[in-house]
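Undergrad: Curious how this folds, go ahead:
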Amino acid sequence: MRATITGAAEYNRAAAHAAWPSLCDRTLDFRHPDLTKLLELWRSEASESGIPQRKVMSPRLLKTFLRDVALYERVAGDGGERRYRVRLMGTAFAQIQGDLTGKYLDEALAAEFLPRWYAALDATLGAGAPLRFLARGDTNHMNFLVGEYFSAPLLADNGEMDLVLAAGRFSGDSPWDEVEAETRRILGLN
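TA: Residues are numbered from 1 along each chain as shown. Purely as a prediction, here's the structure:
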């Protein structure tokens with residue numbers, strides 16, 4: 001079973017060790033205004049626990065973001081190991097990542113990408129708070145794009161924190177090496 005990543009700092013250590021083209025930024029300094037708006041919406045709908053319930057973050061509420069979002073659910077596999085199922089993937093997100101709606105990540109992605117995806121989702125649930133990720137778009141042959149991602153936990157109907165709401169915006173304006181260098185400098189990770 002893969003080790004569980006519990007937050008941004010641990011994610012960044014794992015990314016550096018495994019040479020993933022990805023960083024986690026807990027400052028939530030989003031460059032894309034729509035991701036900032038989604039963060040504000042997430043915060044405004046947070047329950048007493050500080051985390052919104054899935055049923056509150058409905059398609060109607062997320063209407064302006066739906067094409068850019070994905071919803072992941074952590075479930076227990078047959079042997080008790082954790083797995084992630086994609087409950088929803090918006091059309092714009094799917095164009096970049098591939099449409100994974102209804103699929104388990106371990107069945108839909110190449111094995112080389114699984115540790116990074118699991119780590120990002122684990123970090124979000126482990127932090128119990130929104131995170132910002134930057135990553136090169138390696139899946140679906142889109143490695144010329146860099147994604148900025150909003151990732152935040154949601155409470156399931158049973159009160160368990162086992163859902164992750166994600167949204168991504170992608171650009172080919174700057175190569176990953178430049179984005180990584182600037183982000184490392186800003187976060188003091190050099």
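
Undergrad: So what's the gap between the biggest helix by length in the chain and the chain middle?
TA: Assignment by DSSP state H gives helix 114-127 as the longest helix of the chain. Offset of helix 114-127 from its chain centre (Cα atoms, centre = their mean, to the nearest Å): 8 Å.

Undergrad: which residues sit against that helix?
TA: The list of residues contacting helix 114-127 from outside it, by Cβ atoms under 8 Å, 6 or more residues apart in numbering, reads 2, 4-8, 10-11, 14-15, 18, 20, 22, 24, 26, 72, 74, 82, 84, 105-106, 109, 130-131, 133, 135, 149, 151-153, 161-162, 164, 166. (Glycine included, C-beta is placed from N, CA and C.)

Undergrad: if you look at the residues you listed, which of them are in helices?
TA: 8, 10, 11, 14, 15, 18, 105, 106.

Undergrad: Highest neighbour count among the residues you listed?
TA: The most crowded member of those, judged by other Cβ atoms under 10 Å, is residue 11 (27 neighbours).

Undergrad: Could you measure from the residue nearest the centre of the chain over to residue 81?
TA: The residue lying closest to the centre of the chain (Cα atoms, centre = their mean) is residue 151, at 4.1 Å. Separation of residue 151 from residue 81 (Cβ to Cβ, to the nearest Å): 21 Å.

Undergrad: same check, this time on residue 14
TA: Taking Cβ to Cβ, one finds residue 14 at 18 Å from residue 81.

Undergrad: returning to that earlier point: can you flag the buried ones in the contacts of helix 114-127?
TA: 5, 7-8, 10-11, 14-15, 20, 22, 24, 26, 72, 74, 82, 84, 105-106, 109, 130-131, 133, 135, 149, 151-153, 161-162, 164, 166 (16 or more other Cβ atoms under 10 Å).

Undergrad: So what's the residue count around residue 91?
TA: For residue 91, the count of nearby residues is 10 (other Cβ under 10 Å).

Undergrad: mind listing what residue 8 touches?
TA: Counting by Cβ under 8 Å, 6+ apart, residue 8 makes contact with 24, 25, 26, 123, 127, 131.

Undergrad: if we go to 10 Å?
TA: Residues in contact with residue 8 (Cβ atoms under 10 Å, 6 or more residues apart in numbering) are 23-27, 123-124, 126-127, 129, 131-133, 187.

Undergrad: if we can go back for a sec, which residues pair with the residue nearest to the centre of the chain across the strands?
TA: Following DSSP bridges, residue 151 is listed with bridge partners residue 131, residue 166.

Undergrad: so how far is residue 112 from it?
TA: From residue 151 over to residue 112 the distance is 21 Å, taken as Cβ to Cβ.

Undergrad: ranges for the strands of this structure?
TA: Here the chain has its strands, by DSSP state E, at 22-25, 69-76, 82-89, 131-136, 146-155, 161-171.
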